[in-house]
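Chemist: Below is the structure, and that's it, no one-letter string:
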């Protein structure tokens, strides 16, 4: 049943993303509104129920999230009121047609194999912040299998320190169980979101290491509760 539902989700997603890309280019000044409508549709079709612990602080200009599934983005976009600029891998942007899901809404793509990638990231972040767009980064750099969190990469720390940003750490749990795009499986379920207390990024503190530790502790606690 998960395989059948996964196939349905993949087909539905492919069709709707084509329309979304088209609408974002037609309505270039309203891409955020287009995305919000699309996310509401996805939440409905996927049968997602959301549990929230803690409180979102939408004055934060940097969001740090653990990464398990494409559903991580869908859920946060659905909940967050501001026009988020997501940081994505260049490989996604380079995809035929589907790369426009990054290009059309002016998200940020970085080439992690290029030494100039971090400089490009810093400059792109400055531009989006000037447009009052918060930056969302998966500090692990890639997806986990949903049973643990990977060690954080340096990019998010550099961005936070460079601009002294107010940071909202967010731990998502259960997204991999609902949509596993690698196995092409899907099923309805509950996504739990834990908002940790915001912190101010500064070169003078260990905020990044402390945030990594706190996020991992929250995830491990939630995972133990889930498996038991």
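Modeler: The structure has been received and is ready for your questions. Just so it is clear, the model here is predicted, and its values are computed rather than measured. Numbering: from 1, shown residues only.
Chemist: Is it correct that residue 190 falls within a strand?
Modeler: Yes - secondary structure assignment places residue 190 in a strand (DSSP: H, G, I helix; E, B strand; the rest coil).
Chemist: Tell me who's in contact with the closest residue to residue 60 other than its chain neighbours.
Modeler: Excluding its sequence neighbours, the residue lying closest to residue 60 (CB to CB, 6 or more residues apart in numbering) is residue 168, at 3.8 Å. From N, CA and C alone the C-beta is placed, and that goes for glycine too. Residue 168 is in contact with 56, 57, 60, 62, 63, 64, 195, 196, 198, counting by CB atoms under 8 Å, 6 or more residues apart in numbering.
Chemist: looking at it, the third one is touching residue 169, isn't it?
Modeler: I take that to be residue 60. No - if you go by CB atoms under 8 Å, residue 60 and residue 169 don't touch, sitting 9.3 Å apart.
Chemist: list residues touching both of these two?
Modeler: Going by CB under 8 Å, 6+ apart, residues that sit against residue 60 and also against residue 169 are residue 198.
Chemist: How about residues contacting the helix or strand bottoming out on mean pLDDT in the chain?
Modeler: For the chain, counting by mean pLDDT, DSSP states H and E, strand 179-180 ranks last in confidence among helices and strands (a mean of 83). Residues external to strand 179-180 that are found in contact with it (CB under 8 Å, 6+ apart): 6, 9, 46, 69, 70, 71, 185, 186.
Chemist: Am I right that the residue nearest to residue 60 sits in a strand?
Modeler: Yes - Residue 168: assigned to a strand according to three-state DSSP.
Chemist: picking that back up, now the contacts of strand 179-180 in JSON lines, with secondary structure?
Modeler: Listed next are the contacts of strand 179-180 as JSON lines, based on three-state DSSP:
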{"residue": "6", "secondary structure": "helix"}
{"residue": "9", "secondary structure": "helix"}
{"residue": "46", "secondary structure": "helix"}
{"residue": "69", "secondary structure": "coil"}
{"residue": "70", "secondary structure": "coil"}
{"residue": "71", "secondary structure": "helix"}
{"residue": "185", "secondary structure": "strand"}
{"residue": "186", "secondary structure": "strand"}
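Chemist: coming back round to it: just the contacts of residue 168 now: which is nearest residue 101?
Modeler: residue 63 (18.5 Å; CB to CB).
Chemist: Could you report the neighbour count for that closest one?
Modeler: Neighbour count of residue 63, defined by other CB atoms under 10 Å: 26.
Chemist: surely it meets residue 84?
Modeler: Yes - contact criterion CB under 8 Å: residue 63 and residue 84 qualify, at 7.1 Å.
Chemist: anything in contact with each of these two?
Modeler: Common neighbours of residue 63 and residue 84, counting by CB under 8 Å, 6+ apart, are 76, 134, 135, 136.
Chemist: What segments of the chain are strands?
Modeler: Counting by DSSP state E, one finds strands in the chain at the ranges 48-53, 62-65, 85-89, 108-110, 135-137, 166-173, 179-180, 185-186, 189-195, 199-200.
Chemist: Would you mind getting the angle between the longest one and strand 48-53?
Modeler: With axes from the mean of the first three to the mean of the last three CA atoms, to 10 degrees defining the directions, strand 166-173 sits at 130 degrees from strand 48-53.
Chemist: are any of the contacts of residue 168 buried, and which?
Modeler: 56, 60, 62, 63, 64, 195, 196, 198 (16 or more other CB atoms under 10 Å).
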